[in-house]
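Undergrad: okay, structure incoming, though there's no sequence with it:
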Ligand SMILES: [Zn+2]
């Protein structure tokens, strides 16, 4: 079983088991993709939560795969 991040533990305190399970499932579908090497990882695996959100925001991040700082697209699988 994966360790929860600080953010995930914090949110878990305030929501029901059912809601938290739904948040986890949805956060695993949201994927951040590197525009340089196309490396993908889920928001959940990064310790984040994305729930009942829409749109495809972009984040300026360092990619763990190619170590380049560039724009990452967030999209739902
Ligand atoms: Zn990359």
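TA: Happy to help now that I have it. Remember, it's a predicted structure, so these values are computed and weren't measured experimentally.
Undergrad: elements contacting the strand ranked longest in the chain?
TA: In the chain, ranked by residue count with DSSP state E as the criterion, the top strand is strand 69-76. Using 3 or more C-beta pairs under 8 Å, 6 or more residues apart in numbering; DSSP states H and E, the elements in contact with strand 69-76 are strand 30-34, strand 58-62. All C-beta atoms are positioned from the backbone trio N, CA, C, and that covers glycine.
Undergrad: sheet-wise, list the partners of it with their directions.
TA: With DSSP bridges as the test, strand 69-76 is paired with strand 30-34 (antiparallel), strand 58-62 (antiparallel).
Undergrad: and for residue 15, the neighbour number?
TA: Residue 15 has 14 neighbours, counted by other C-beta atoms under 10 Å.
Undergrad: which residues touch it?
TA: Residues touching residue 15, when contacts are defined by C-beta atoms under 8 Å, 6 or more residues apart in numbering, comprise residue 23.
Undergrad: tell me the pLDDT of the residue nearest in space to the middle of the chain.
TA: For the chain, residue 43 is the residue whose C-alpha lies nearest the centre (C-alpha atoms, centre = their mean; 0.9 Å). The predicted local distance difference test score for residue 43 is 96.
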